[in-house]
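Chemist: Need coordinates for the following:
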Amino acid sequence: MAEKMIPINTALMPAYYKDFHCIMGACQDNCCDDGWKIEFSKKDYLTVKRAAQSEELKTMVKQSMRRLREREHNGIYAEFQTNAAGRCAFHTAAGLCALQMECGEGALPAVCRQYPRHSTYTAAAKEYSLSPSCEGVLALLWDLPQGIDFIEEPLHPSEVKSVSPRNKAAERFAAIRALCIDAIQERSMGLSQRLLLLGLLLQQLCETDWESGEALDRWLLRGAAMLHDPAIPAELDKLPKNKQMCLLNNYKVLALTVKQGVLRDMRLFEELRASVFSVSPDQEEDVVLHLDRYRALEEKLEDLLDHSEYFFENLMVSITFMSGIPRLTDPEELWKSYVSLCNLYSFFRFAAVCAMEKEVSRERLFHTLVVSSRALLHNQTWRYMLRDKLFENDSAPLPHMAILLGG
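Modeler: Sure, this is the predicted structure:
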């Protein structure tokens with residue numbers, strides 16, 4: 001039987017997508033100064049070579065652009081080398097790009113032009129998103145107290161293509177993902193409750209026949225009703241809570257990210273650790289959590305957020321959209337995508353609270369979330385490893401997600 005092909009002829013994006021612009025030198029955590037590898041194709045390599053104009057820039061290109069012959073079979077042709085501090089050679093002291101300043105944005109490799117933008121084809125549309133690992137994106141999320149809306153536009157004919165969903169559930173990706181985002185934005189409940197409701201919905205979806213259109217339609221109808229069922233919050237409150245376990249789990253994640261070299265900002269690590277933990281100098285695993293200090297810092301974060309959850313709601317909606325959650329390849333992958341989302345929220349919230357010890361400000365919050373996103377959200381291998389540890393320890397069922405989300 002021939003595979004069913006779905007034509008994709010529309011673009012879908014958050015309404016704030018077109019408002020993004022790079023804040024350049026005003027950025028605390030410039031992406032050109034963070035140790036990221038700047039690798040690109042042969043086409044980009046030739047564009048840079050041909051764009052160099054002044055003798056100074058030509059010399060800089062010659063000294064700083066290196067061929068990657070061992071990577072050519074993967075489509076990677078060259079890279080911009082960084083110095084010992086992880087700074088791109090073209091990044092000036094003013095926080096600007098010497099290549100762009102002289103030759104314009106068109107001279108930059110695609111990776112430099114596009115970040116933090118991301119696009120992918122789903123069974124719903126060609127989707128455009130922005131990564132919250134960029135301070136400019138977080139500023140946009142901060143300025144959306146009413147939540148995130150989405151807009152749909154026709155695709156240019158050259159971008160139209162067809163995709164082949166693996167099952168009938170994947171065919172309904174647009175409706176299923178819309179319900180997931182509606183759950184995260186359901187403000188009659190607290191955000192941790194909404195994420196638990198999302199887990200309850202996805203748990204029921206895992207148990208649904210993915211090849212029965214009628215069964216999937218019933219799930220969608222039942223799920224929409226659950227969003228407004230006044231009995232649901234009380235049911236979710238019955239799930240276990242253990243704040244201490246949640247915080248110690250996040251401490252382990254924090255320590256592991258540093259140990260494995262994933263989180264490179266050692267100063268931030270030390271500040272987060274010292275905020276609410278005491279660690280024995282002789283025995284690194286001997287950790288004492290000061291829960292009273294954490295609760296005091298939690299109050300400071302609540303004051304900064306004006307006792308509203310909309311910013312973290314927007315953050316989780318943007319991650320859900322950008323990450324293609326829920327994954328509808330099979331029930332196991334679906335649940336893994338949910339566990340990964342819970343892990344991210346739990347750690348981001350934990351890090352944001354601990355960060356308030358040094359300074360209670362939007363800038364401090366943004367710095368912490370940018371560094372955390374670059375360590376976890378942009379490192380898929382590491383993120384999946386942390387997720388899989390929960391499965392190995394039998395800590396991935398919904399009751400444990402309730403503990404993770406209760407911090």
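Chemist: what residues are up against Ser131?
Modeler: With contact set as C-beta atoms under 8 Å, 6 or more residues apart in numbering, Ser131 has these partners: 115-118, 137, 322, 373, 377-378. Yep, even glycine has a C-beta here, placed from its N, CA and C like the rest.
Chemist: Give me the number of neighbouring residues for Leu140.
Modeler: Leu140 has 21 neighbouring residues, counting by other C-beta atoms under 10 Å.
Chemist: how about the helices of the stretch 201-350 of the chain, start to end?
Modeler: 213-226, 232-237, 243-259, 266-276, 291-304, 310-322, 331-355 (DSSP state H, counting those that start in this stretch).
Chemist: what angle do the fourth one and helix 243-259 make?
Modeler: So the one you mean is helix 266-276. 160 degrees (axes from the mean of the first three to the mean of the last three C-alpha atoms, to 10 degrees).
Chemist: Need the residues that contact helix 266-276.
Modeler: 247, 251, 254-255, 258, 263, 279, 289-291, 293-294, 297, 351, 354-358, 367-368, 371.
Chemist: Filter these down to the buried ones.
Modeler: Among these, those classed as buried by neighbour count (16 or more other C-beta atoms under 10 Å) are 247, 251, 254-255, 258, 263, 289, 294, 297, 351, 354-357, 367-368, 371.
Chemist: for the record, mean pLDDT for stretch 29-43?
Modeler: Stretch 29-43 carries an average pLDDT of 83.
Chemist: start to end distance for it?
Modeler: 28 Å (C-alpha to C-alpha, to the nearest Å).
Chemist: on that earlier part again, what's the closest of the helices of the stretch 201-350 of the chain to Asp34?
Modeler: helix 266-276 (12.5 Å; C-beta to C-beta).
Chemist: Neighbour count added to the contacts of Ser131, as a markdown table?
Modeler: As requested, those are arranged in a markdown table below (neighbours: other C-beta atoms under 10 Å):
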| residue | neighbour count |
| --- | --- |
| Tyr115 | 18 |
| Pro116 | 19 |
| Arg117 | 15 |
| His118 | 14 |
| Val137 | 26 |
| Met322 | 21 |
| Ser373 | 23 |
| Leu377 | 20 |
| His378 | 15 |
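Chemist: Nearest to Arg218 among those?
Modeler: The closest of the contacts of Ser131, once distances to Arg218 are taken by C-beta to C-beta, is Met322, at 29.3 Å.
Chemist: Name all residues that make contact with the residue nearest to Val370 when sequence neighbours are not counted.
Modeler: Distances taken as C-beta to C-beta, 6 or more residues apart in numbering place Asp29 nearest to Val370, at 4.6 Å, with adjacent residues excluded. Counting by C-beta under 8 Å, 6+ apart, Asp29 makes contact with 135, 367, 370-371, 374.
Chemist: pLDDT on the host helix or strand of Gly199, on average?
Modeler: Using DSSP states H and E, Gly199 maps to helix 191-206. Average pLDDT, helix 191-206: 97.
Chemist: Tell me which other helices or strands that helix touches.
Modeler: helix 173-184, helix 213-226, helix 232-237, helix 310-322, helix 331-355, helix 398-404 (3 or more C-beta pairs under 8 Å, 6 or more residues apart in numbering; DSSP states H and E).
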